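*Asks:* only geometry, no sequence info:
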């Protein structure tokens with residue numbers, strides 16, 4: 001009977017994405033994620049959180065289907081740092097297809113930096129799905145009568161299984177982060193009947209995030225999982241995210257991704273974001289470029305609202321050692337070469353001016369003559385002894401270095417104010433905007449890969465050269 005085959009015609013717990021921002025960035029969120037939504041992609045990303053956080057999502061999937069189906073998704077998550085040192089998070093996600101089908105995922109996750117370079121995380125999940133029971137029975141002859149099909153009478157209309165995820169983040173440099181996660185590690189069987197096997201396939205994500213500038217980052221990833229025919233699907237994704245500061249009106253962002261993969265899969269996702277005070281609003285639209293694509297539906301639309309609150313804990317300074325980059329982020333400059341050339345020219349000038357005049361006046365006494373031993377560096381003559389001679393070579397003018405605040409004037413921590421950036425803070429305390437990299441390196445596990453500042457964020461400031 002057709003009704004008896006219904007539970008096996010739909011792949012349960014497919015990857016439909018979670019949250020507007022993660023969906024816009026696609027699989028690259030395995031490396032970019034730095035909020036409570038990381039729970040659903042790579043639990044190690046929870047380690048980047050530094051404040052309590054609540055997020056919610058409402059989505060309409062494949063709007064405008066010709067059969068009038070209404071596929072909706074909801075997500076609610078909460079996360080906070082704990083005294084032990086890491087971040088714990090809870091998540092509730094539900095997908096519904098009218099009254100015909102419902103699936104729900106409850107998640108409990110934890111992420112923590114175990115070294116200056118490496119964060120790890122894990123999540124435990126309860127998977128539940130149920131089917132609407134039709135009040136009709138169709139026999140082999142096609143006759144229809146009221147009642148409950150035998151399949152549901154024997155097996156019920158719902159099932160629960162348990163699964164687990166693990167993940168890690170590796171800071172390759174202060175600008176590059178590698179993310180790896182394995183989801184549904186145990187591949188639970190979610191079939192209604194023990195006579196059948198309907199597993200939730202294991203999904204492996206590998207991504208690389210690169211911070212090009214403080215407000216701009218790129219990502220790339222590959223995702224693998226098995227399809228219903230037990231063949232491995234591959235999906236490659238590239239993403240970008242950019243933020244702009246506005247005058248006294250918060251931050252505006254835009255992000256997007258393109259994905260391609262097995263069986264001619266192609267997808268585009270993009271959307272804007274707005275961040276003000278402790279709130280962040282995100283929107284994303286997703287279009288399949290193949291399969292059920294443009295024209296067949298109006299796309300998938302996602303809205304997320306996030307609220308961050310609570311005082312930021314300031315970790316001990318020793319726990320915030322900067323990462324020594326594998327690639328030198330400060331390449332050599334011409335400054336030292338110019339200094340050396342200036343010193344050579346200065347010595348040439350001194351040597352020329354130190355030579356005695358060709359004629360000596362009778363009033364000049366031997367006491368006023370100075371002899372420079374050959375083994376000593378000639379010293380510049382006193383101005384009154386130079387007489388009418390002008391220096392043949394002038395020493396380059398060197399601009400005096402700007403006075404830097406003493407270590408006693410630099411506070412141990414600084415609370416970001418409206419309009420602050422890492423560049424402006426570095427210029428304020430060190431007289432050198434380029435030292436924003438030192439501030440970022442010392443606070444990267446709290447700022448995230450994007451290095452975004454929000455009003456009230458507490459930063460630990462480098463106090464000496466060893467803190468760089």
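*Replies:* That came through, no problem. It should be emphasised that the depicted structure is a prediction, and the values quoted were computed from it without experimental measurement.
*Asks:* which non-adjacent residue is nearest the residue most central in space within the chain?
*Replies:* Centroid-nearest residue in the chain: residue 32, 3.1 Å away (criterion: C-alpha atoms, centre = their mean). Closest residue to residue 32 apart from its sequence neighbours, by C-beta to C-beta, 6 or more residues apart in numbering: residue 209 at 4.6 Å. In this view, the C-beta of every residue, glycine as well, is placed from N, C-alpha and C.
*Asks:* Surely the one you found touches residue 28?
*Replies:* Yes. Using C-beta atoms under 8 Å, residue 209 is in contact with residue 28, at 6.7 Å.
*Asks:* Give the residues shared as contacts by the two.
*Replies:* Here residue 209 and residue 28 share the contacting residues residue 219, scored by C-beta atoms under 8 Å, 6 or more residues apart in numbering.
*Asks:* mind showing which ranges of the protein have poor pLDDT?
*Replies:* 1-11, 228, 293-294, 311-408, 445, 448-452, 464-468 (pLDDT under 70).
*Asks:* Would you map the helices across it?
*Replies:* 2-5, 20-25, 29-32, 150-155, 335-353, 422-430, 436-447 (DSSP state H).
*Asks:* from the chain's centre, how far out does the fourth one sit?
*Replies:* Yep, that's helix 150-155 we're talking about. Relative to the chain's own centre, helix 150-155 is displaced by 47 Å; criterion: C-alpha atoms, centre = their mean, to the nearest Å.
*Asks:* Using the record's domain definitions, break the chain down for me.
*Replies:* 2-311, 407-467 (automatic domain parsing).
*Asks:* Contact partners for residue 199?
*Replies:* 187-190.
*Asks:* For it, give its distance to residue 100.
*Replies:* 22 Å (C-beta to C-beta, to the nearest Å).
*Asks:* Then residue 205?
*Replies:* 30 Å.
*Asks:* Same question for residue 215.
*Replies:* On the measure of C-beta to C-beta, residue 215 and residue 100 end up 44 Å apart.
*Asks:* what about those two, which has more around it?
*Replies:* For residue 215 versus residue 100, neighbours defined as other C-beta atoms under 10 Å are more numerous around residue 215 (19 against 13).
*Asks:* Phi and psi next, for that one.
*Replies:* phi -110, psi 20 (degrees, to the nearest 10).
*Asks:* That one contacts residue 240, correct?
*Replies:* No. Look at residue 215 against residue 240 with C-beta under 8 Å: they stay out of range, at 11.7 Å.
*Asks:* List the residues that contact residue 225.
*Replies:* 15, 201-204, 232-233.
*Asks:* Would you format these as TSV with neighbour count included?
*Replies:* Listed next are the contacts of residue 225 as TSV, based on neighbours: other C-beta atoms under 10 Å:
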residue	neighbour count
15	15
201	19
202	16
203	21
204	15
232	11
233	16
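*Asks:* Save these as JSON lines, and put in distance to residue 146 too.
*Replies:* Putting the contacts of residue 225 into JSON lines (distance: C-beta to C-beta, whole Å) gives the following:
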{"residue": "15", "distance to residue 146": "38"}
{"residue": "201", "distance to residue 146": "37"}
{"residue": "202", "distance to residue 146": "42"}
{"residue": "203", "distance to residue 146": "41"}
{"residue": "204", "distance to residue 146": "47"}
{"residue": "232", "distance to residue 146": "44"}
{"residue": "233", "distance to residue 146": "41"}
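*Asks:* And the furthest pair within the residues you listed?
*Replies:* Of all pairs drawn from these, the greatest distance, 14.2 Å, lies between 15 and 232 (C-beta to C-beta).
*Asks:* For stretch 412-432, buried residues please.
*Replies:* 414, 416, 420-422, 425-426, 429-430 (16 or more other C-beta atoms under 10 Å).
*Asks:* err, stretch 84-97, not the other one
*Replies:* Buried-residue list, stretch 84-97, by 16+ other C-beta under 10 Å: 86-89, 91, 93, 95, 97.
*Asks:* how far is it from where the chain is centred?
*Replies:* Centre to centre, stretch against its chain (C-alpha atoms, centre = their mean), the figure for stretch 84-97 is 19 Å.
*Asks:* can you list the residues that contact that stretch?
*Replies:* Under C-beta under 8 Å, 6+ apart, the answer for stretch 84-97 is 16, 18, 36, 38-40, 43, 46-47, 49, 61, 69-82, 102-113.
*Asks:* swap in stretch 287-307?
*Replies:* By C-beta under 8 Å, 6+ apart, stretch 287-307 touches 17, 19-21, 23, 35-37, 53-66, 75, 264-269, 271, 278-286.
*Asks:* Spit out the contact partners of residue 239.
*Replies:* 24-26, 28, 32, 218-221, 255-258.
*Asks:* Looking at neighbours, which among the residues you listed is most surrounded?
*Replies:* Ranked by the number of neighbours (other C-beta under 10 Å), the contacts of residue 239 place residue 32 first, at 33 neighbours.
*Asks:* Hmm, it is touching residue 205, no?
*Replies:* No. Look at residue 32 against residue 205 with C-beta under 8 Å: they stay out of range, at 11.5 Å.
*Asks:* what touches both of those two?
*Replies:* residue 179.
*Asks:* Nearest residue to residue 432 in space, ignoring adjacent ones along the chain?
*Replies:* The nearest residue in space to residue 432 (C-beta to C-beta, 6+ apart) is residue 426, at 6.2 Å.
*Asks:* Burial check on the residue lying closest to residue 91 once chain neighbours are set aside, number of neighbours?
*Replies:* In space, and not counting its chain neighbours, residue 91 is closest to residue 107: 3.9 Å by C-beta to C-beta, 6+ apart. Around residue 107 there are 22 other residues, counting by other C-beta under 10 Å.
*Asks:* For residue 107, list each beta-bridge partner.
*Replies:* Residue 107 forms beta bridges with residue 91, residue 125, as assigned by DSSP bridges.
*Asks:* Roughly how far does it sit from residue 87?
*Replies:* Look at residue 107 and residue 87: by C-beta to C-beta, they are 13 Å apart.
*Asks:* and what of residue 285?
*Replies:* 30 Å.
*Asks:* what do you get for residue 103?
*Replies:* In terms of C-beta to C-beta, residue 103 sits 26 Å off from residue 87.
*Asks:* same question, residue 180
*Replies:* 18 Å.
*Asks:* and if you look at residue 233?
*Replies:* 31 Å.
*Asks:* beta partners for residue 208?
*Replies:* Assigned bridge partners for residue 208, using DSSP bridges, are residue 178, residue 220.
*Asks:* got the contact list for residue 453?
*Replies:* Contacts of residue 453 (C-beta under 8 Å, 6+ apart): 416, 420-422, 447.
*Asks:* Selection in PyMOL covering whichever of the contacts of residue 199 are buried, please.
*Replies:* Applied in PyMOL, the following selects the buried portion of the contacts of residue 199 according to 16+ other C-beta under 10 Å:
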select buried, resi 188+190
